Every structure is written in structure tokens, then in C-alpha cells.
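Trainee: predicted coordinates and the sequence they were generated for:
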Amino acid sequence: MNAFAASARHEALNIRRSRTAHILLWVFVGMVLVSSLIGWITNRTVTGVFDRIRAEGLTSQPNPFTGVSPLTYERNTVIYVLLIGALMAVVLGAQASLRDRKSGTSALVLSRPVGTASRLLGQLAGIGAVLGVVLGGSVGASWVVLGIIDAAPLGPEHTLRLLAFAALSWVLLMAFAVLGMLTGLVSRSETTALLVSFVLWSAIAFVVPQLGTAARPVTLLGPVPHPAATGGWFDAVAAVTGPLAVTEQYKRAAGVLLQDRNAQAGDWTGALVVAAALLILVLVLAVTPRRRLRRPLDE
Amino acid sequence: MTAAIATERLTRVFGPVTAVDGLDLEVAEGEIFGLLGHNGAGKTTTVNMLTTLLPPTGGGASICGRSITADAAGVRRSIGYLPENVRFYDNLTLGENLRFFAELSGIRRPEGRIREVLRLLDFEGPYGQRVGTFSKGMRQRVGIAQAILHEPKVLFLDEPTSGLDPEGVRTLRETIVRLNREFGITVFMNTHLLTEVTKTCTSIGILRAGRLIHSSSLAETLAAFPDEESLEAVYFRLESQPVP
Amino acid sequence: MSSTATVARRELVALRRDRLLVVLLGFLAAVTLVSVIVGAAAFRAQLEAYQLYVQQLEQSGSSTRAAAPRLFPLQLLRGSVEYVEILGALFAIVLGYGAVATEKYRGTLPLLLSRPVGRFALPLGKLAGIAGIWLAVVVALTVLWTAAIVGIGSASLGPADLGRILIVGAFSWLYLVFWSALAVALTAVTSRLSLGLILAIVIWLTFVLIIPQLGDTMDPDNQVPGGLFKALEIDSSSEAAVIAHFATFEELRNFLESASPTKHFERLAFAFLGIDDDFNQKPIGVVWSGIWGYAVAIAAAGVAAVAAAALVTTRSNLQRTRS
């Protein structure tokens, strides 16, 4: 087995044994399921009220949910990927690069015929496998729940869209995992590594989008990307910060895949931005100097 | 006899500090070499350079004829290394820990080799136990096991007896001597325990402020100071002499 | 000096010299400032759009006038309050975690525990130190907010406005102390250091991000793009009748939101700053009588967290350490 495969396997095994990782993974899977359930409860309540107010003659409009894609109930998953999923990925990434530094095993690993890139990318592949299983499991469970809500199994198109959404989420989470790995490699302590990752995450999720959209932080917790503000400085700033707001771009691409009414069908800019972010981060990770891997921690 | 380890003007500078200063050293195949010196003398930096963990800022070295700078990967295939105070992956079992290092070393059928090494070290019992539950002495045996899995020609040990109880020290000493005698592994160890050096090593070197002030076989060293009754006394005498 | 005061003093000195903390607090100050700038810029853009609209109306000879957008300066602090709510809480967790973790990790704990220190001296001393730091931070933020509104928002503030900012500052302090105390308790009670931090982060996620987001998700009006009432073409006079049908559902939604101390802090701050329309331009006394329940809830959460930290930061818990 080469160093890449050995590192990938070892990383997946370590995550499987980590209680911290388990807590985060279960919170994530639980929230994804809860989000479908809440979507369903809300839909049923609104439909029930609609039937009554139509009977009372307060509206003559058709039920606003008629013809809505069943994938709509999945839209809140977008926000849980961004909130819990991204933090989970950051923690997994940081733990991967901090583990050898903490236990002193980096000296053992690096005294073997192992290339830095194959070691780090192997670890990333291990994280990727775990994230893949978690996302696959969540989406599988969602597929069942959505089938129950719609009283029929999802058709091939919707199933494919759901799978593509899982793939898109995987790409985003991998980007955050790399971010965690990089901060784990450069930070002097575990606390610093986790904190710097969280700060970067909050900057990407809140500060950058706010600059171009004037959206307040809490508004950005919605599953739909906030439209760019117009007038004044916003026209210029939004052009710069728009592509940098990776999480908003992810929402945009997810909206297309999950057939959100606000999304513009065939708009793949969001997906491309998310993929480009991962690619750039992986390249940065791959060229990490060897000495970075064995710098001892301060705490 | 060919040199297992040979250094030539090996130097490492950290900012204004010269940790290792023009080290010229030769350790013959089959030796158990003890590198002695006070704290901060440059022992660990030397081992880090010889194990390719730290690039030298001057000079060079070769392990079994392979340059530590030009053929670092070749050197890594020839050596085993046990750093000081290593903790391993606590969540994983002994078997899982060793399997990882075996795979990193490119061993094709790791399981068989792991069992073989554990049998050799009389350490098969805790195979399925998590390393996090191990005592310091047990961890050192894990360390030795991972270091010899790939049948290295040279074994580097950094303060291997640090923190061990007398029983642990004796077991480790016996293991080192056995690996050297039965398998012909050259051993290079940093240590502070001079009594252990007397019982284990065949040759010694003394580093002071990054410079090698003495290097010879243990027997010759002791013979050169017939009026001193122990290696400790010889060590302090050599240490007190001016740097050449 | 009592042992609690000694521990508090040492904690304050250590925190003051912590470079990471300075960076974090600088980041918090910067983002709250950015949100005021963005808010002011958005208002200006809105004003420009209005003026353009008026101009077009005049050119077309129309005499109808829409009301001009009005700036309520304190409303510019909405983003800042949300940053304290989200990032402030996160940084408070880190502070609380660090106070216990460094002690456990550095191995200084046995030295401390071998001294004749009281049962509660360590947790209360550490929390007093952290509370001192938060007080300094909140004072700095309050000054910064006031300066930002006056300087960037080009607004004038009366004594009542300053009073409202100070009240929000005081409750921000209480809110931040709550999070730090919670993190101290969790770090003390868990034997694995990072587990305490991760647990605190999971609680943060739940209270700060998930529960408020769930409330938003369950808002019936948010179910349809553009709003449910608009989609159903229900006039505003009938809205109340429709909302009545959602009573149980709304109660459930409100119950969920009320489970989060963050929501209580937000509602209180939004009421005093006039961000909540029901309280905009109302005297402080009127606001207080409407929201005192939230104030009690935040205070209770703070006291409970401090008490929990004091109770679980025991010798035996502190000495159970695995890295």
C-alpha cells in the first residue's frame, strides 16, 4: 500500500474512533433529517390553513405549493451543510494535521519514505471518504423521507438532482476540511487552529457576503443566496466580493439543483466557484513544506 | 568495515545559534553507538539531520552510502527511528498503529510482519488493545516495533530510556543488544544514562556546543583513562577539556 | 488578597498578553464597524434611489409623493448586535475554554491545587478575570458603535439614545459572560480537552444558529417566495384572521425560539435600539415593561452558567485529563 492510500485509510480509522467526530457527524445527520421533517410539518400546516381560508372565501388563489418540486423540502439542508457541515469539516481537517504534531508521530511518519503531498492528500482523501459516507447517508435518508412526504418514491430526475446536491455539498465541505488542515499545520496550538478556522468560516459566511449585499448576518442564515444590493458602492463591491462569497455561491448552485423557485435554471456559476475554491485550497495544501508537518505545538 | 553512518562537516544553524558545528563522524556497521552530551549540546539536532527530518545548513552525511540530502527517500528506507517521548495514536490499537507504519514503509503483507516483530519482542498479548491504555514501557516497545518493521539497517533512538522504570530500562537494553547481535542492525542512540551506555554501547561520541570533542570505541575510551573508575568520570573529564 | 482575587488578577494579566485574543477582539470590533458602514451605505443608496424616483415623478408631472426613507440611527447597529450574538458568543467560548485548558495542559494545575485555595476560588477567579476582559471589550465596542453612528452614519444622538446603547452594552456583557462560563464548565467536566470545546461549539450552533434559523424556517410567510399572504392575495385586514389559524403552530415556533438565550438577547437589544418596529421611538420605560422577561431570562442564563462552572470545576474534574 502506498503512502497516499495508507494515510487515507489511517485517517478514516482515526475519525471512526474519535468521539468528537462522532458527536459532530450525528448532529449533522440528525439536523438534515429534522430539516426535512420541519419542511413537511410546515407544509402540512400551511396547506391545512390554506384549505380553511379558501373555504372561508378569503382567497381564490390556488394552493401555492401546487406543482412545487419535492426537493424544496430539502432546501434547509443547504443551511445545515453551511453551518454544521462546514464546522464539522473544519474540525476534522484541523484534527488531521494536529494529530501528528500533538503526539509526536510526525517524526515517525516523516522518517519513512513518504512524500509531503501524498501524506496530506491521503489524509484529505480519508476525510473525504468519511464526509462522502455521511453525506451519502444523509441524502439517502432524505430520499426516503421525501418519498414519504410525496407519497411516492422520488423519480430518477429528482434522485439525480439529490445526488448532485450531495456531490456539491461534498466539494464545499472538502474545501472547509482543507481550510482546517491548513490552519492545523500553521497554528501554534490546537485552540488557535480551531479558532482561526472558525474566524475564516465566519468571514466567508457572513462578512464577505455582507459587503456586497448589505445583508445582515442573521439574514445570511437563510438557504437562498441574498441578492446583491444596488446603488452607491454596492455595484462595485458586489462584483468583487460576489465570487469570493463561496457559501453564497454554494447556496446559488444548490438552489439550481434543488429546483428552488428563486434559482435560475442552468446557472452553474455557483458550482464552478465552489469547485475552484476547493482546487485552489488543495493546491496550497499539496505544496506545504515538509517542516510544517513536524512543528511541535506550543500547548 | 564500511561506515553505516558517515558525516562530513555536518552543520545546522538556527538563526544566530549553531546547533551542530562541522560534525565529522563515522559509525561502522554493526556498532551500537552512543552520542553523549549535555542538554542543548546538539544531539537531537544531529539525529534529526541523520533521519532526514531536518535539512543541514552545511556539510553532509550518508547512511549506508546514501546521501541524506540527495537521496533522502533511500535513507528513509534504510533507517528505523524512535524519537523521545512519542505517544502514537491513542485511539488505535497496537495492531492498527503498527499496520499504519508498515504500510507507510511499503511492506506488502503487513499483518505477517507485524506478528513476527511482536513475537520477536515478546509483545503479542496487547495486539488488540488501544495504545492509549499502555504504560510508558509498553509504548517504548511499540516504538521499537514500528522502528524495525521494515528491517532497517540502522536504528536511531533518541533518549530511549527516558522515563522508564528499571525493569523497562533492562528490557529495552536487552532488546537493543539482541537486534544488534542477531540481526546486525547498527544502532545510533542519544542518551544521558552513562551506566546504560557502558552496558549497551560499543562506541561513543561526545558533543559539546555542537562540536564533537571525542569519538572512539568504548573500550579504547575507558583504556585511555586508566585512573578513572567509571565512564561517568571519563565523561566529565572529557567535557571539562577545552574544545579542540 | 483572597485567593479568588489572586486567580482573577492572574487571569486578567494572562488574557491581556494573549496575542490571539487581541486578534479575535480586533476582528469582532472590525466586523461590527463594517456592519455599521454597510448599513449607512445601504441607507444612502436607498435615499439616492428615492431622490431619483422623486425626480422622475416630477418630470412626468405627477404631484404624488411617497414618504422619504427615514434613518433611525440606532437601527444601524442591527448587524453589530447580530455579530455580538454570533461571533461574540463564539469568542466567549474560546476564552472560557482557554482559561481551563491552558491550566490543564501546561501542567500548572497541580501547583495551583497544592496551594490552600478555596473550593470556588479557581472557577470564580477565572470567571471574574474573563468578566473583566469582557467589560473592557464591551465598553470599547459601545464607544466604537457610538462613534460609528455619529461619524459614518452622520447622525446625532441624544442622551436617551446613549442610554439605549449602554443598556444593550450591559446585556451584551451578560450574554458574553454566559457563554464563557458555559465553556469553563464544559472544559472542566470533560477529560479530553478538545471535547469540551467541541461540545460548547455544538451548543453554540444549536442556540445561536440552528434554533433561530428553525424559527425563521417555520414562519408561514417565509414558505412562498414573496410571502404567503401576497401569494394568496390576502389583504392586510384579513391577515389577522388567517394568522389566528396558525395559533398552535406559531406557539410551537415561539417556544422553539424561546429555548435560545441568543433569541432573548436579540429581542431585548432590538427592542431598545428600535429595530423592532413595535418599540421604535418608544420611551425606555415602555420598552422595558415590554421586554423585561427577556432581561430576566438572560440574567438567569448567566447566573446558571456561572453556578454550573463553579460547581463542576472541582479538583477531581480538573485532574481528569487526556489530551
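Mentor: Nice, thanks for sending it over.

Trainee: C-alpha only now, for contacts and for neighbours.
Mentor: Noted.

Trainee: and for residue 145, the neighbour number?
Mentor: This is for chain A. A:Val145 has 20 neighbouring residues, counting by other CA atoms under 10 Å in any protein chain shown.

Trainee: sorry, should have said chain C
Mentor: Counted with other CA under 10 Å, the neighbours of C:Trp145 add up to 23.

Trainee: for A:Arg9, same thing?
Mentor: Per other CA under 10 Å, the neighbour tally for A:Arg9 reads 18.

Trainee: does it touch A:Gly126 like I think?
Mentor: Yes: counting by CA atoms under 8 Å, A:Arg9 touches A:Gly126, with 5.9 Å between them.

Trainee: how far off centre is the longest helix along chain B?
Mentor: Identified as the longest helix of chain B according to DSSP state H is helix B:166-183. Using CA atoms, centre = their mean, to the nearest Å, the distance from the centre of helix B:166-183 to the centre of the chain it belongs to is 13 Å.

Trainee: list the contacts of it.
Mentor: Contacts with helix B:166-183, where a contact means CA atoms under 8 Å, 6 or more residues apart in numbering or on different chains, come from B:30-32, B:121, B:137, B:141, B:161, B:185-187, B:196, B:200.

Trainee: what does stretch C:139-159 give?
Mentor: With CA under 8 Å, 6+ apart as the criterion, stretch C:139-159 contacts C:29, C:32-33, C:36-37, C:40, C:73-74, C:76-77, C:162, C:165-166, C:169.

Trainee: which of the residues you listed count as buried?
Mentor: Among these, those buried by neighbour count (16 or more other CA atoms under 10 Å in any protein chain shown) are C:29, C:32-33, C:36-37, C:40, C:73-74, C:76-77, C:165-166, C:169.

Trainee: which ones among those are found in helices?
Mentor: With helices taken from DSSP H, the overlap with the buried ones among the contacts of stretch C:139-159 comprises C:29, C:32-33, C:36-37, C:40, C:165-166, C:169.

Trainee: the spatially closest residue to A:Val186 that is not a sequence neighbour and C:Leu273: what is the separation?
Mentor: Spatial nearest neighbour of A:Val186, chain neighbours left out: A:Arg292 (6.9 Å); criterion: CA to CA, 6 or more residues apart in numbering or on different chains. Note on A:Arg292: its distance to C:Leu273, by CA to CA, to the nearest Å, is 48 Å.

Trainee: quick one, which of those two is more surrounded?
Mentor: Neighbour tally, A:Arg292 and C:Leu273, criterion other CA under 10 Å: the higher count belongs to C:Leu273, 29 against 17.

Trainee: for the chain, which residues score under the pLDDT cut-off?
Mentor: Here I'm looking at chain A. When residues are selected by pLDDT under 70, those of chain A lie in A:1, A:228-233, A:298-299.

Trainee: hmm, I had chain C in mind actually
Mentor: Applying pLDDT under 70 to chain C flags residues C:1, C:63-66, C:106-107, C:153, C:221-227, C:236, C:321-323.

Trainee: pick out the residue nearest the middle of it.
Mentor: By CA atoms, centre = their mean, the mean C-alpha position of chain C lies nearest to C:Glu85, the distance being 2.5 Å.

Trainee: please name the nearest non-neighbouring residue to that residue.
Mentor: In space, C:Glu85 comes closest to C:Thr262 once its chain neighbours are excluded; the distance is 6.3 Å by CA to CA, 6+ apart.

Trainee: hmm, C:Phe207 and that neighbour touching each other?
Mentor: Yes: counting by CA under 8 Å, C:Thr262 does reach C:Phe207; the two are 6.3 Å apart.

Trainee: those two: which has the busier surroundings?
Mentor: C:Thr262 (24 against 20).

Trainee: could you check how far the more buried one is from A:Val81?
Mentor: Counting by CA to CA, the gap from C:Thr262 to A:Val81 is 21 Å.

Trainee: the residue nearest to C:Glu85 and C:Trp204, how far apart?
Mentor: C:Thr262 is 9 Å from C:Trp204, where distance means CA to CA.

Trainee: now A:Leu98
Mentor: Distance of A:Leu98 to C:Trp204, given as CA to CA: 23 Å.

Trainee: so between these two, which is more surrounded?
Mentor: Using other CA under 10 Å as the criterion, A:Leu98 and C:Trp204 rank with A:Leu98 on top: 30 against 21.

Trainee: ok, the more buried one touching A:Thr183?
Mentor: No: with contacts counted by CA under 8 Å, A:Leu98 stays clear of A:Thr183, the gap being 9.2 Å.

Trainee: quick one: contacts for B:Leu98?
Mentor: By CA under 8 Å, 6+ apart, the neighbours of B:Leu98 are B:114, B:142, B:145-146.

Trainee: for it, phi and psi?
Mentor: Note on B:Leu98: backbone dihedrals following degrees, to the nearest 10 are phi -70, psi -40.

Trainee: can you check B:Glu159 too?
Mentor: Torsion angles, degrees, to the nearest 10, at B:Glu159: phi 50, psi 60.

Trainee: can you tell me how far it is from A:Arg101?
Mentor: According to CA to CA, B:Glu159 and A:Arg101 sit 19 Å apart.

Trainee: again with C:Trp204
Mentor: According to CA to CA, C:Trp204 and A:Arg101 sit 28 Å apart.

Trainee: count residues in the vicinity of B:Phe134, would you?
Mentor: Residues near B:Phe134, counting by other CA under 10 Å: 16.

Trainee: tell me if stretch A:192-204 is near chain C.
Mentor: Yes: contact of stretch A:192-204 with chain C (CA under 8 Å from any CA of the partner chain) involves A:192, A:195, A:202.

Trainee: what's in contact with that stretch?
Mentor: Residues outside stretch A:192-204 that contact it (CA under 8 Å, 6+ apart): A:86-87, A:90-91, A:94, A:176, A:179-180, A:183-184, A:186-187, A:244-247, C:20, C:87, C:94.

Trainee: the same query, at a cut-off of 6 Å, please.
Mentor: For stretch A:192-204, contacts defined as CA atoms under 6 Å, 6 or more residues apart in numbering or on different chains pick out A:180, A:183-184, A:187, A:245.

Trainee: need these in JSON lines with distance to A:Gly39, can you?
Mentor: Shown next, in JSON lines, are these (distance: CA to CA, whole Å):
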{"residue": "A:Gly180", "distance to A:Gly39": "32"}
{"residue": "A:Thr183", "distance to A:Gly39": "36"}
{"residue": "A:Gly184", "distance to A:Gly39": "37"}
{"residue": "A:Ser187", "distance to A:Gly39": "41"}
{"residue": "A:Ala245", "distance to A:Gly39": "26"}
